[in-house]
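# Sequence plus the predicted model coming up.
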Amino acid sequence: MKRFFIGLFALALVAVFALPALAQPTLRLSGGYFAHGYYIDNHKLKKDNTESMAFIAQRFRLQPVFALADGVTVTTRFDAKEVIWGADRQLYSPGAAFNTRLQRGSGVPFAVEDENIGFERAFVTFSLPLGRMDVGYMDAGAWATAFGDGATTHARIRFTRPQGRWTFVATYEKQQEKELQPTASAATGAYGGVAATLFGDRDFNVYYLAAVYTQKTWNAGALYSYVDDARSATFRVNSQRLVPYFRGTFGPLYVEAELIYGFGTAAKYYAAGVTDIKDEGLAYYVSARYTAGPLRIGALYAFAQGEDAATTDKYEGTITAGSDFNPCLLLWHSDVGVKWAGSMGTFTTTTDTMSNASIWQVNVGFAPSKKLDLFASLSFATVNQKGTSVGTDIGTEID
């Protein structure tokens, strides 16, 4: 690993010293602001409800891109004042009573910083003879369709090579460094002035390979990922994912689909004689939309396999539909869920991320002008592995 980073550092030095003299750097700005209001009654799905919610939440986001020279840019991004209006500035607790839940969402990266100014991204992009390199904290967690995605930021080294209609991508991602971690106990090293324990090489790394083929009206591709999670003292995770997708427009018809197949080892135990657990998760999604003038008619189906309690040597429920997959306004909607209002009900099937479930939906849209778009949908959701004392129907939602 040290040789790899020494090589990367040498490559970066070559790229820096080879830069032409700068005439004048340029700056491009993009971003946005939103403020949206909620009124939610009986969000916990209680039979005898006495709780309702009414609040306004906002976020300001800015992404500056500095063009330093031909083929060299530095991209940053920050969120500011991502809060509920009038809320106390403290850690948010989605499971608490509503009056203590009106704070910024825990479980969301950079939650505390975003209440003021939270810099999420900082990475350099530079061109090489064979392609493009991105190095630093950059976009992560998203691929192809919104299904299975949870867009976030991670430290990455990404190489992209376009070749004709093909695009090839290779990515190394550092999710967590466990060489040193803060602790209240005696330490063998220092961690920012705080006592720390030396863990050794118990890091969390992910490796990706992807290929995309693009035609005029459609594109398709596949992503392979390999997880090497050694944070646990008792087992190691070497899960793998294969994620093919398709998107295409054929006249008035638009179709997209994605499949996520898990394999590899969900838990490889260090102790002798302990049975390892295989990863056999599965999730898939298909959606179609037909457009006729201002009218749109669509349908979708999505499935995320649940855990089968009868199989102890494999995990089937390791894949979710992702926090970016928001098919309804309330059910499995990340903004309403863990970010602001907490999960619906008390069941794992009604959190902000769809898991162990299926959903069917039909929808219709009507846009009489460029400034007005009306949309309605009917969704029906069911549990995949119901377990004991739990029904199969999650419910029906009309939006």
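That came in fine, so what should we check first?

# so where does the residue most central in space within the chain fall, helix or strand?
Residue closest to the average C-alpha location in the chain (C-alpha atoms, centre = their mean): residue 150, at 1.3 Å. Here residue 150, judged by DSSP states H and E, is contained in no helix and no strand.

# and the gap between it and residue 141?
Summarising the geometry, the distance separating residue 150 from residue 141, computed by C-beta to C-beta, to the nearest Å, is 5 Å. (Each C-beta comes from the backbone N, C-alpha and C, glycine too.)

# Spit out the residues that contact the two alike.
Jointly contacting residue 150 and residue 141 under the rule C-beta atoms under 8 Å, 6 or more residues apart in numbering are residue 322.

# dump the residue contacts of residue 208.
169, 170, 171, 173, 223, 224, 225, 226.

# contacts for stretch 324-334?
Counting by C-beta under 8 Å, 6+ apart, residues outside stretch 324-334 touching it are 40, 43, 142, 146-151, 285, 300, 302, 321, 323, 335-336, 344, 350-354, 359, 361, 377, 379, 381, 394-395, 397, 399.

# again, but for stretch 70-78
The contact list for stretch 70-78 (C-beta under 8 Å, 6+ apart) reads 15, 19-20, 61-68, 117-127, 138, 153.

# CA atoms only: put it into CSV for me.
Taking only C-alpha atoms (Å, rounded to 0.1, in the frame of the first residue of the first chain), the coordinates of stretch 70-78 have been written out as CSV:
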residue,chain,number,x,y,z
ASP,A,70,-5.6,23.5,-19.5
GLY,A,71,-6.9,20.1,-18.2
VAL,A,72,-6.5,20.9,-14.5
THR,A,73,-9.4,21.8,-12.2
VAL,A,74,-10.0,21.8,-8.5
THR,A,75,-13.6,21.2,-7.4
THR,A,76,-15.0,21.9,-4.0
ARG,A,77,-18.5,21.8,-2.5
PHE,A,78,-20.1,22.9,0.7
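
# Now do residue 171 against residue 71, distance only.
20 Å.

# can you check residue 167 too?
In this view, residue 167 and residue 71 are 18 Å apart by C-beta to C-beta.

# Looking at the two, which has the bigger crowd around it?
Regarding residue 167 and residue 71, a neighbour count based on other C-beta atoms under 10 Å identifies residue 167 as having more, with 17 against 14.

# What pairs with the host helix or strand of the more buried one, parallel or antiparallel?
Secondary structure assigned from DSSP H and E places residue 167 in strand 166-176. The strands that strand 166-176 pairs with in its sheet are strand 152-163 (antiparallel), strand 204-214 (antiparallel) (by DSSP bridges).

# Report the angle between the host helix or strand of residue 249 and strand 204-214.
For residue 249, the element it lies in under DSSP H and E is strand 235-250. With axes from the mean of the first three to the mean of the last three C-alpha atoms, to 10 degrees defining the directions, strand 235-250 sits at 20 degrees from strand 204-214.

# Verify the stated contact: residue 122 with residue 137.
Yes - using C-beta atoms under 8 Å, residue 122 makes contact with residue 137 at a distance of 5.4 Å.

# more neighbours, these two?
Counting neighbours by other C-beta under 10 Å for residue 122 and for residue 137 shows that residue 137 has the greater number, 18 against 15.

# beta partners of that one?
The partner list for residue 137 in beta bridges (DSSP bridges) reads residue 122, residue 155.

# likewise residue 360?
Under the criterion DSSP bridges, residue 360 forms beta bridges with residue 301, residue 380.

# Was I right to think it contacts residue 287?
No - with contact defined as C-beta under 8 Å, residue 360 and residue 287 do not form a contacting pair (11.3 Å).

# Pull up the overlap in contacts between the two.
Counting by C-beta under 8 Å, 6+ apart, the residues touching both residue 360 and residue 287 are 299, 300, 301.

# which among these gets closest to residue 84?
Looking at these and their distance to residue 84, the nearest is residue 300, at 30.7 Å (C-beta to C-beta).

# The closest one: how many residues sit nearby?
Around residue 300 there are 21 other residues, counting by other C-beta under 10 Å.

# First-to-last residue distance for stretch 43-53?
8 Å (C-alpha to C-alpha, to the nearest Å).

# buried sites along stretch 167-174?
Of all the residues in stretch 167-174, those buried under the rule 16 or more other C-beta atoms under 10 Å are 167, 169, 171, 172, 173.

# got a list of contacts for stretch 132-139?
So stretch 132-139 is contacted by 8, 12, 75, 120-127, 151, 153-161 (C-beta under 8 Å, 6+ apart).

# Report the buried members of those residues.
Buried residues within the contacts of stretch 132-139, defined by neighbour count using 16+ other C-beta under 10 Å: 75, 120-121, 123-126, 153-160.

# how about these, which pair is most distant?
Between any two of the buried ones among the contacts of stretch 132-139, the greatest separation by C-beta to C-beta is 22.1 Å, found for 120 and 159.
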